[in-house]
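Novice: Generate a structure from the sequence data that follows.
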Amino acid sequence: RVRNYLQSLVRGPVSDFRPKVMISYATGKRSGLDGEGCGLGMQYCHLVARYLDRAGISCFTGLHIAGDYNWRIYSEKLQQADVMLAIMSPEFFKSGQCFEEQVEARRHGLKVIPLLFELNEDGSPPGSDGAPTWDSKYEARQSEASTVHHDTLAAFRIIEGHSDKYKLNSEPAPPGTMLASGLLDKLVVDVKELLAHSTAGTSNATPMKQLPQKDNEIEQLKVNQPHMKKAAGKWRALARSKSTEIKSTEPDVKKASEKWRALARSKSTEIKSTEPDVKKASE
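Specialist: Numbering: from 1, shown residues only. Model prediction:
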């Protein structure tokens, strides 16, 4: 039922669907209670997607397409989105796929909003007792020498970051959860404001994935700058030379012009003097 509902929100071909909001969640199947592929995480995701859709905000999850989860399609949609909603639950921090989704969201500059839906059994925030799956994923990526994996762990307070700027505050702060009255309505307002701000800045914004290319272009300009400056100097010198040359010929040009005007006046007088003879011959 949940899958059918979410798939119905994709109007037209999936390839043409351009949602600006992504949702990341872990299914959280409960033994003896949930069917295969079902769980509380799916219900939380369904709840958020329904609120967003009723407010006219398109979103995307792994449930929006038929069949099993498709990382390629999810990644494509993520790269075109502006906001990532992370459904925080104990299972979320046990999911390696959720970690990869958060890494990609950070890599592509999405605004991440952690939504606290479920606490640990002891009432502590999920992730506060560690996230071995996320840690192992991070350790496996150490050879890539990428800081984005480290910063993602720091953002969710799994490890200590070298700066508090990476830390994300959940909505709401624990021990509250998003199931409290009015918080989903507030989420809709917050997301709309983020999307409006993102749209307003689109014309001047440079996507994060283009920044290395832009940096290379700047460096190349710096390298070429002395040559460009030298060439500009040569053109300025040539322009001055031509200007001087033109000025030096002005008297001759003026003298020639006066000669041509005098000749034109002479010919005009000559033509006028022959007019009676021409008239007489014509008669």
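Novice: And the residue lying closest to Y25 once chain neighbours are set aside, how close does it get to P125?
Specialist: Counting by CB to CB, 6 or more residues apart in numbering, I87 is the residue found nearest to Y25 once chain neighbours are left out, at 3.7 Å. (C-beta placed from N, C-alpha, C; glycine too.) Going from I87 to P125 by CB to CB, to the nearest Å gives 14 Å.
Novice: Looking only at neighbour counts, state which of the two leads.
Specialist: Neighbours per residue, other CB atoms under 10 Å: of I87 and P125, the larger number sits with I87, 27 against 20.
Novice: tell me the mean pLDDT for the helix or strand hosting L194?
Specialist: Here L194 is covered by helix 183-200, with elements defined by DSSP states H and E. Per-residue pLDDT over helix 183-200 has a mean of 93.
Novice: So what touches that helix?
Specialist: Applying CB atoms under 8 Å, 6 or more residues apart in numbering, the contact partners of helix 183-200 are 20-21, 47-48, 51-52, 55, 57, 82-83, 85, 111, 113, 115, 171-172, 176, 178.
Novice: Keep only those of those residues that are in helices.
Specialist: 47-48, 51-52 (DSSP state H).
Novice: And the furthest pair within those?
Specialist: The span of these, defined through CB to CB, is set by L47 and L52 at 9.9 Å.
Novice: which residues in the stretch 1-150 of the chain form helices?
Specialist: For the stretch 1-150 of the chain, the helices defined by DSSP state H, counting those that start in this stretch occupy 2-8, 40-54, 71-80, 96-107, 132-140, 147-155.
Novice: For the longest one, what is the distance to the chain centroid?
Specialist: Okay, so that is helix 40-54. For helix 40-54, the separation from the chain centroid amounts to 25 Å (computed by CA atoms, centre = their mean, to the nearest Å).
Novice: now for that helix, which elements pack on it?
Specialist: helix 2-8, strand 21-24, strand 59-60, strand 83-88, helix 183-200 (3 or more CB pairs under 8 Å, 6 or more residues apart in numbering; DSSP states H and E).
Novice: Mind listing residues that contact that helix?
Specialist: So helix 40-54 is contacted by 2, 5-6, 9, 21, 23, 25-28, 30, 34, 58-59, 61, 63, 85, 87, 89, 91-92, 115, 117-118, 178, 184-185, 187-188, 191 (CB under 8 Å, 6+ apart).
Novice: Now, of these, which are buried?
Specialist: If you count burial by 16 or more other CB atoms under 10 Å, the buried members of the contacts of helix 40-54 come out as 2, 6, 9, 21, 23, 25-28, 34, 58-59, 61, 63, 85, 87, 89, 91-92, 115, 117-118, 178, 184, 187-188, 191.
Novice: could you list every residue that touches the nearest residue in space to G41 that is not next to it in sequence?
Specialist: Spatial nearest neighbour of G41, chain neighbours left out: G28 (3.9 Å); criterion: CB to CB, 6+ apart. By CB under 8 Å, 6+ apart, the contact set of G28 is 39-42, 89-92, 118.
Novice: For ChimeraX, write the selection for the buried entries among the contacts of helix 183-200.
Specialist: One line in ChimeraX is enough to select the buried ones among the contacts of helix 183-200; burial here means 16+ other CB under 10 Å:
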select :20,21,47,48,51,52,57,82,83,85,111,113,115,171,178
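Novice: So for stretch 172-192, first residue to last residue, what's the gap.
Specialist: The first and last residues of stretch 172-192 sit 18 Å apart, counting by CA to CA, to the nearest Å.
Novice: all numbers from here: first residue = 854
Specialist: Happy to do that; since the first residue is 854 now, the last one works out to stretch 1025-1045.
Novice: related to what we said a few turns ago, just the ones in helices among the contacts of helix 1036-1053 now: which is nearest D1004?
Specialist: For the ones in helices among the contacts of helix 1036-1053, the minimum distance to D1004 (CB to CB) is 24.6 Å, reached by V901.
Novice: How much space separates the closest one from S1023?
Specialist: Going from V901 to S1023 by CB to CB gives 14 Å.
Novice: The spatially closest residue to D988 that is not a sequence neighbour: neighbour count?
Specialist: Excluding the flanking residues, the one nearest D988 by CB to CB, 6+ apart is I1011, at 7.0 Å. Number of residues near I1011 (other CB under 10 Å) recorded here: 20.
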